[in-house]
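J.: My questions concern the predicted model and sequence given below.
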Amino acid sequence: MAFPGIWMTESESVLYRVVPKCACSTIGQIMYYSDHGQFYDGDIHDAETGLHKWAFEHSQDVISRNVYDRGSYAFTCVRNPYTRILSSFFDKICGIQRNGKRYRGNLVPMLTYEYGIDVGGHDGREPFDQIRSFRRFLLFARDTIRWRRPMDPDIHWSAMSGHVGTFVVNGGTYDRIIWTEKFNDGMSDVLKEIATPHAVDLSQIPRFNESEGHGPKRAHPVEDYFDDLSMHLVYEIFKQDFELFRYDFHNPANRLPIGEIDLDEVHAKLG
C-alpha cells in the first residue's frame, strides 16, 4: 500500500500525515528538531535528509513497516475549513511564490479570464476587492472538487478528510488528530506520548509559516468573506471536514472546534 504525505522521524518516534495549510511547516520542523537538536535550514518541505518521507523511495519500506506494526505514534493536524480556504486563496492565488513566480504558472491568468478574479496586479500589491475575488475563487474551488474542471483539485484546497483518509484506507491508524487552533495543547499531548532524542520546548518553538508574506494581508474579518451563498459552497465542499473534525459551519467567525474528535468515527468513515 502507498502512504502519500507521510513524514516520519529517522528515530521512528513519530509518524505524521501532512495536511496542507495546517501547520505542516511547524510540525515538520518540530519533528526534525526532536531528532537532530536543530531546525532544518530552509523550508522543511524541501528537506531531502533528516526526515523519512514517503516521496523518497528509500523511506517507503521503513514507513510501511511502522504503519503496519504501529511502531510509531501516528498523528495529523486539521484546521477550520473557513480559515484554511481563505489562507489558500491569499497564499496560492494572490501571492508570489518562493521562486518569484505565480503558483502553477498559468493558473492565475486562467482564473482572471474564466472567473473574473482580481489578485492585485502582477505583484499582488495593488488594492483590489478581496471579498469579491475570494467568492469567485470559491466557485472555482467547488468546480475543481465537484467536477474536476477546469482542473483537478489542488492539495491546498481539497478537503482535509481526503488527505487524512488516504492513511486510513491503506491500513493506517491514527493515535491523535490535533487542531491548528489549539496547536500547543495538541502538540504537547503528542510529545508526551513519544520518546525523542532531543527534548522539545514548545514555548521556544517559532511558527514556521512558509507562506507568510507570499500574498496581500487579509483586509477583513474572516466572516466578512462568507455570505449565505459562500457558506453553502464551503459546506458543499467541506461537509465531512466540519462534521468529523468538529468545526462550526454556522458561524465563520468561530474558528475554534465545538466538540471532541472521535477517532473511531474518523477511522470508520474514512476507511
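T.: Yep, that arrived.

J.: which of the residues in the helix or strand Ala141 falls within are buried?
T.: Counting by DSSP states H and E, the element that carries Ala141 is helix 130-147. Taking 16 or more other CB atoms under 10 Å as the basis for neighbour counts, the residues of helix 130-147 that come out buried are 130, 133-145. Where you see a C-beta, it was placed from the backbone N, CA and C, and this is true even at glycine.

J.: so what does that helix touch, helix or strand wise?
T.: In terms of contacts (3 or more CB pairs under 8 Å, 6 or more residues apart in numbering; DSSP states H and E), helix 130-147 is packed against helix 81-88, helix 107-115, helix 228-245.

J.: Next, format these as JSON lines and append mean pLDDT.
T.: Below are those laid out as JSON lines (pLDDT from 0 to 100):
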{"stretch": "helix 81-88", "mean pLDDT": "96"}
{"stretch": "helix 107-115", "mean pLDDT": "93"}
{"stretch": "helix 228-245", "mean pLDDT": "97"}
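
J.: Which one, of the ones you listed, ends up nearest to Glu12?
T.: With CB to CB, the closest approach to Glu12 among the helices and strands packed on helix 130-147 belongs to helix 228-245: 27.0 Å.

J.: neighbouring contacts of that closest one?
T.: The contact list for helix 228-245 (CB atoms under 8 Å, 6 or more residues apart in numbering) reads 78, 81-82, 85, 135, 138-139, 141-142, 145-146, 159-161, 177, 179, 226, 247-249, 252, 257, 261, 265-266, 269-270.

J.: let's see 7 Å
T.: 78, 81-82, 85, 135, 138-139, 141-142, 145, 159-161, 226, 247, 249, 252, 257, 261, 265-266, 269 (CB atoms under 7 Å, 6 or more residues apart in numbering).

J.: Filter the residues you listed down to the buried ones.
T.: Burial by neighbour count, 16+ other CB under 10 Å: within these this picks out 78, 81-82, 85, 135, 138-139, 141-142, 145, 159-161, 226, 247, 249, 252, 257, 261, 266.

J.: the inter-axis angle of the lowest-mean-pLDDT helix or strand in the chain versus helix 130-147?
T.: In the chain, no helix or strand scores lower on mean pLDDT, DSSP states H and E than helix 107-115, which sits at a mean of 93. Computed by axes from the mean of the first three to the mean of the last three CA atoms, to 10 degrees, the angle separating helix 107-115 from helix 130-147 equals 90 degrees.

J.: Of all the residues in the longest strand anywhere in the chain, which ones are buried?
T.: Counting residues, the longest strand in the chain under DSSP state E turns out to be strand 73-78. Of the residues in strand 73-78, Tyr73, Ala74, Phe75, Thr76, Cys77, Val78 count as buried by neighbour count, 16+ other CB under 10 Å.

J.: List the contacts of Ala219.
T.: With contacts taken as CB under 7 Å, 6+ apart, Ala219 has the following neighbours: Gln130.

J.: That one should be in a strand, yeah?
T.: No. With DSSP: H, G, I helix; E, B strand; the rest coil as the criterion, Ala219 is coil rather than part of a strand.

J.: State the pLDDT value of it.
T.: On pLDDT, Ala219 comes in at 93.

J.: Next one: it relative to Val18, how far apart?
T.: Summarising the geometry, the distance separating Ala219 from Val18, computed by CB to CB, to the nearest Å, is 29 Å.

J.: Same check on Asp35?
T.: Separation of Asp35 from Val18 (CB to CB): 17 Å.
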